[in-house]
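Novice: Pasting the sequence and the predicted coordinates here, then a few questions.
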Amino acid sequence: MRHLPVACLCLALAACGGDFSNDDLEFLNALPRREDLAAKLPAKGSGRVGGGLTARSDGLVVRLGETSELMGDTEETGRAFNTSVDALLSLLEDIRGLPPTTREPDRRVWGPFQDRDHAGHDVRFVMTREAPSFDYRLEYRRTGAGEAAWWAFLSGTFAADAGIRKGVGSLHLDVARAEQEGLPARELGALRRLDIHYQTKALPTQVELTFTPRDGAFPVARYTYREAQGGLGEMRFLMPGRDLVPGGLLEDLSLTTRWAPDGRGMAVLDVLSGDIRGAQYTECWNAQGRVSFTARSWDFFNPTEGERATCPDFSALDG
C-alpha cells in the first residue's frame, strides 16, 4: 500500500515547511508506530522450518526431538501480521514527519491537496482532540465538491492513558467505500475492510487484526498478538479446514502459541469442529525449536510424551 494516494499528500506538504509546536506533538503522539503494534517474533536462526499444519498431510504425528511445525505456522503468520501492520501504518508514517497546514485549539489539518495519482480527487488528513481522546481521518472528495463531500478511507481513535502512546486505540481501512467512491485500492481487492484494535496501557499489551473479505471470498480472519514483560509473546488465530486426524470430517482449529525471546515456546491447539471436536493438543519446544513435550487429550493409550517441566513459564500471559 506504500504507493496509495497518501504519498501525494506528503509530497504536497513537504513544500510547506514549518516547525512543530508542543501541542502538535501531542496530536502526533496519538498516532501508533510500528513498534507499538508489531509482533516481536523469536530470533531467527533457531533451525526451524516453516510450513507447519498448512503443509502437513499427517495431522499431528509428532515425535520428540523433531522441529516444531506449529512454531513454523506461528512464525509465518507473525510475518504476515507484521506486513499488514506495516501496510496500514505506512499511511500515517509520512504524515508524522510533516507540520500541519491548519492549526486550531483542538484540531489539526494536513491539506487539502489534489491527488496526483487519481485525477479529480482531493486528499487531506484531519485530527481532532477531546482530551484524553483523539480521532483522525484520511479523507478524500471529488475536486470541487463541498465540505460535506469528504469521506474517510482510513479512520482511527486513540484514548491516552499513563504516558506517551500508552492507551487504547483502533484503526479502520474502508476498502469497500474507496471502491464505491471511485478510488481503487487494487492491493486490497479481496478485502471489504481491515480493522486493528490495540491496547498499550498495561501488560500484557494486545493487538488484534480483523480481515473482512469481499463477497465471502474467505472467512473473516482474526489474529491476536499479546506481549508480556520479559519479551514473552503470544499469537492466537484460527486454522479452518485442517485434516488433523483420520476420519470423514475436516477440523477447524484455534491455535494459541507462546514463545520466549530465546525461541523456547508452547502451542495449544483447540479443535472447534470435525471428527474430534472439543479435543486439545499441547506441544512445547526448546530453544532450537525441537519438540520436548506433547499431550493429546483424545489419546487414552499414550496421552503425553516427554516432560511437561520442559515447557517454559508463560503465566505472565494468563488471564
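Specialist: Nice, I can see it.
Novice: ok but M71 is inside a helix, no?
Specialist: Yes - residue state for M71 (DSSP: H, G, I helix; E, B strand; the rest coil) corresponds to a helix.
Novice: Confidence-wise, which helix or strand of the protein is lowest on average?
Specialist: Of all helical and strand segments in the chain, the minimum by mean pLDDT, DSSP states H and E falls on helix 6-14, at a mean of 41.
Novice: After it, which helix or strand is next?
Specialist: Counting by DSSP states H and E, the element after helix 6-14 in chain order, helix or strand, is helix 22-28.
Novice: how far does the next helix or strand after that next one sit from the chain's center?
Specialist: Note on helix 22-28: by DSSP H and E, the next helix or strand toward the C-terminus is helix 34-37. With C-alpha atoms, centre = their mean, to the nearest Å as the basis, the distance from the averaged C-alpha position of helix 34-37 to the chain average is 10 Å.
Novice: Not counting its own residues, what contacts helix 34-37?
Specialist: With C-beta atoms under 8 Å, 6 or more residues apart in numbering as the test, helix 34-37 has contacts from 85-86, 89, 93, 165, 196, 198, 200, 207. In short, each C-beta sits where N, CA and C put it, glycine included.
Novice: The same query, at a cut-off of 10 Å, please.
Specialist: Counting contacts by C-beta atoms under 10 Å, 6 or more residues apart in numbering, the residues outside helix 34-37 that touch it are 81-82, 84-86, 88-90, 92-93, 165-166, 169, 171, 196, 198, 200, 205, 207, 209, 225.
Novice: Enumerate the positions of it that are buried.
Specialist: Neighbour counts using 16 or more other C-beta atoms under 10 Å place 36-37 of helix 34-37 among the buried residues.
Novice: repeat for stretch 183-196
Specialist: The neighbour-count check on stretch 183-196 (16+ other C-beta under 10 Å) flags 183, 185, 188, 191-196 as buried.
Novice: count of residues packed around the closest residue to D195 other than its chain neighbours?
Specialist: Distance criterion C-beta to C-beta, 6 or more residues apart in numbering; nearest residue to D195, sequence neighbours excluded, is T210 at 4.5 Å. For T210, the tally of surrounding residues (other C-beta atoms under 10 Å) stands at 15.
Novice: Surely T210 is within a strand?
Specialist: Yes - going by three-state DSSP, the assignment for T210 places it inside a strand.
Novice: So which of the contacts of helix 34-37 sit within helices?
Specialist: Among the contacts of helix 34-37, the subset assigned to helices under DSSP state H consists of 81-82, 84-86, 88-90, 92-93.
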